[in-house]
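In: Provided below are the primary sequence and the corresponding predicted coordinates.
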Amino acid sequence: MFHGIEMIEEEIVDKPIHAIPTKYLKMIAEIKPLDGEKTIGLTKRNSTIYLIKNSGVLESLDETSFETSPVLQATFSFKKVEFFSNGKMAATEHNSSMLSIMDETGKIQRQLQLSYTPKDLHVFKDKIFVLSGSNNEIYVYDSELRLERSIKFMNSQKETCNFILPLDISIFVSCQSAILEISENGTLKKKFSTYGGSYSLAIAFVERSKLLFAVQRGQSQIHVFDYNAKLKTKLLQAHNSAALWSSLIIAQDRIYTLDYITNIIRIFDLPPINWKVML
């Protein structure tokens, strides 16, 4: 399915802003919606990026031509979709508290009615992590939708927290004033933030360099922190403008973003990253 693709060449320019190094991102493609269908998220399996459509359609993105192709049509409206290692998927529904397991064709195999409102969902090592609308609890399920445990974390300011990222080392939670790093039992390990930073949007982690990427709310800007929670650089789109990047994927030395408001996907080259971090 063609989505209106513009191939764009921009120069990368470095300059200091308030003593924090800043890099301007080189955009290589822009995918604009032409069918009026809402893209609500991006997800990845192996090296393939997928577009999650509100209508229940999942589309694959060609990494060379940046054209998309329908993969499946589910029987419900998507909110979030994540892959298991075997190709099956966990999904939440738009305006519903239903958690579903689908096969590779989109056919529902299992469903669980949650007793809370799910905000974000991630599959990590075939475990399903779901962030509750309470903004201070994460539920963990196995691939059969059996509840394994719940993780409560401190949110004393009662901030809005919208995204989670479970990893081997920790679980990251994107909240308004900071990205929280918590342990598997909910203990706060670190806060990733900077003066004037506003988050609660998409986050990503680059394992090879131990760098956390956090979208700055309301701007086409990404803050990059080292594992000691120090802000190392800011990545800005040229002609930095208002944006609400609700999806962020870093793969094959590219940055994939989705602007929730404009429904535009932008793809950038990932600038070289050579920082060494002591863990």
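Out: On my side now, so go ahead. Residues are numbered from 1 along each chain as shown.

In: May I see the buried residues of stretch 212-227?
Out: Neighbour-count burial for stretch 212-227, counted by 16 or more other CB atoms under 10 Å, picks out 212-217, 219-227. Where C-beta positions appear, they are placed from N, C-alpha and C, glycine not excepted.

In: Among these, give me the pair with the biggest separation.
Out: Spatial extent of the buried residues of stretch 212-227 (CB to CB) is set by the pair Ser220 and Tyr227 at 25.0 Å.

In: pretty sure Gly218 contacts Leu244?
Out: Yes - with contact defined as CB atoms under 8 Å, Gly218 and Leu244 form a contacting pair (6.8 Å).

In: Now for these two: what residues contact both?
Out: Overlap of the contact sets of Gly218 and Leu244 (by CB atoms under 8 Å, 6 or more residues apart in numbering) is empty.

In: Report the contact partners of Cys236.
Out: Just so we're on the same page, residue 236 is Leu rather than Cys. Shown in contact with Leu236 (CB under 8 Å, 6+ apart): 22-25, 220-222.

In: nearest to Met98, of the residues you listed?
Out: Distance to Met98 across the contacts of Leu236 (CB to CB) is lowest for Ile222, with 32.3 Å.

In: who's in contact with that closest one?
Out: The contact partners of Ile222, taken as CB under 8 Å, 6+ apart, are 213-216, 234-236, 245, 248, 255.

In: element containing it?
Out: Per DSSP states H and E: Ile222 is located in strand 221-225.

In: element containing Thr262, please.
Out: Applying DSSP H and E, one finds Thr262 in no helix or strand.

In: what about it, how many neighbours?
Out: The local packing of Thr262 (other CB atoms under 10 Å) involves 13 other residues.

In: Next: Ser156.
Out: 7.

In: so how far is Ala178 from it?
Out: Plainly put, Ser156 is 12 Å away from Ala178 if you go by CB to CB, to the nearest Å.

In: pretty sure Tyr227 contacts Leu211?
Out: Yes - in terms of CB under 8 Å, Tyr227 counts as a neighbour of Leu211; the distance is 7.5 Å.

In: So for stretch 23-41, mean pLDDT?
Out: Here stretch 23-41 scores 90 as its mean pLDDT.

In: next one: stretch 66-78
Out: Stretch 66-78 comes out at a mean pLDDT of 95.

In: Report the contact partners of Val173.
Out: 131, 138, 153, 161, 163-165, 179-182.

In: Quick check: next helix or strand after the helix or strand containing it?
Out: Assigned by DSSP H and E, Val173 falls within strand 171-175. Downstream of strand 171-175, the next assigned helix or strand under DSSP H and E is strand 179-182.

In: tell me which strands and helices that following strand is in contact with?
Out: In this structure, strand 179-182 packs against strand 171-175, strand 188-192, with contacts taken as 3 or more CB pairs under 8 Å, 6 or more residues apart in numbering; DSSP states H and E.

In: Please work out which of those strands is packed deepest.
Out: Mean neighbours per residue, mean count of other CB atoms under 10 Å, is largest over the helices and strands packed on strand 179-182 for strand 171-175, with a mean of 25.

In: Could you tell me the angle between that strand and strand 188-192?
Out: Angle, strand 171-175 to strand 188-192, by axes from the mean of the first three to the mean of the last three CA atoms, to 10 degrees: 50 degrees.
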